[in-house]
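Asker: coords please:
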Amino acid sequence: MIDYSKFKKSLKQLELQFANYQRSAGRTDLSTLDKEGIAESVIQRFETCYDCVWKHLKRYLVETLGLPDVPNSPKPIFRLAADNRLFRASTEQWLGYADARIQTSHDYNGDKAQMALALMADFIADAIALYQTLTEETWE
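Answerer: Below is the predicted model of the structure:
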């Protein structure tokens, strides 16, 4: 049986920090540095959650679906997951999340960060849907 607690915790933390980021946009009591720090935290939590997602997905493909020779990298795993109808969103959407993760790995500022932040609401919704599919639990 797969333990999904890390996946759930990382997704909850991302969800909470993204909500904090959205609220911070209109706050005049926060400095630019504070707002940048909140945005950077969202991206770091995205990276952590994204890594949990593909690693748990790999375990599901191997242990639950019994697929042999599952690769050890996100994009092929996302394609296999899509082939097995585990995603609500398109394969291209998940590959876009993979690209965002790669692009933000060393650059939290500028266009790359803004691109990742623009994907965050969709990523969170798609990750929640995937969590529910894999665990057969309702998201709290």
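
Asker: Dihedrals phi and psi, the residue nearest to the spatial centre of the chain?
Answerer: Of all residues in the chain, the one closest to the mean position by C-alpha atoms, centre = their mean is residue 50, 3.7 Å from it. Here is the backbone geometry of residue 50 (degrees, to the nearest 10): phi -60, psi -50.

Asker: so who does it touch?
Answerer: 74, 97, 98, 101, 123 (C-beta atoms under 8 Å, 6 or more residues apart in numbering). (Glycine included, C-beta is placed from N, CA and C.)

Asker: what's near enough to touch the fourth one?
Answerer: So the one you mean is residue 101. By C-beta under 8 Å, 6+ apart, residue 101 lies in contact with 46, 47, 50, 51, 74, 116.

Asker: Could you turn the buried ones of these into a ChimeraX selection?
Answerer: Applying 16 or more other C-beta atoms under 10 Å to those, the buried members can be selected in ChimeraX as follows:
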select :46,47,50,74,116
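
Asker: want to throw the contacts of residue 101 into JSON lines with distance to residue 128, pLDDT and secondary structure?
Answerer: Formatted as JSON lines, the contacts of residue 101 follow (distance: C-beta to C-beta, whole Å; pLDDT from 0 to 100; DSSP: H, G, I helix; E, B strand; the rest coil):
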{"residue": "46", "distance to residue 128": "14", "pLDDT": "96", "secondary structure": "helix"}
{"residue": "47", "distance to residue 128": "18", "pLDDT": "94", "secondary structure": "helix"}
{"residue": "50", "distance to residue 128": "14", "pLDDT": "97", "secondary structure": "helix"}
{"residue": "51", "distance to residue 128": "17", "pLDDT": "96", "secondary structure": "helix"}
{"residue": "74", "distance to residue 128": "18", "pLDDT": "96", "secondary structure": "helix"}
{"residue": "116", "distance to residue 128": "18", "pLDDT": "89", "secondary structure": "helix"}
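
Asker: which one among the contacts of residue 101 gets closest to residue 66?
Answerer: Using C-beta to C-beta, residue 74 comes nearest to residue 66 of the contacts of residue 101, at 20.5 Å.

Asker: residue contacts, the residue lying closest to that closest one once chain neighbours are set aside?
Answerer: In this structure, residue 74 finds its nearest non-sequential neighbour in residue 54, 4.1 Å apart by C-beta to C-beta, 6 or more residues apart in numbering. Going by C-beta under 8 Å, 6+ apart, residue 54 touches 74, 77, 78.
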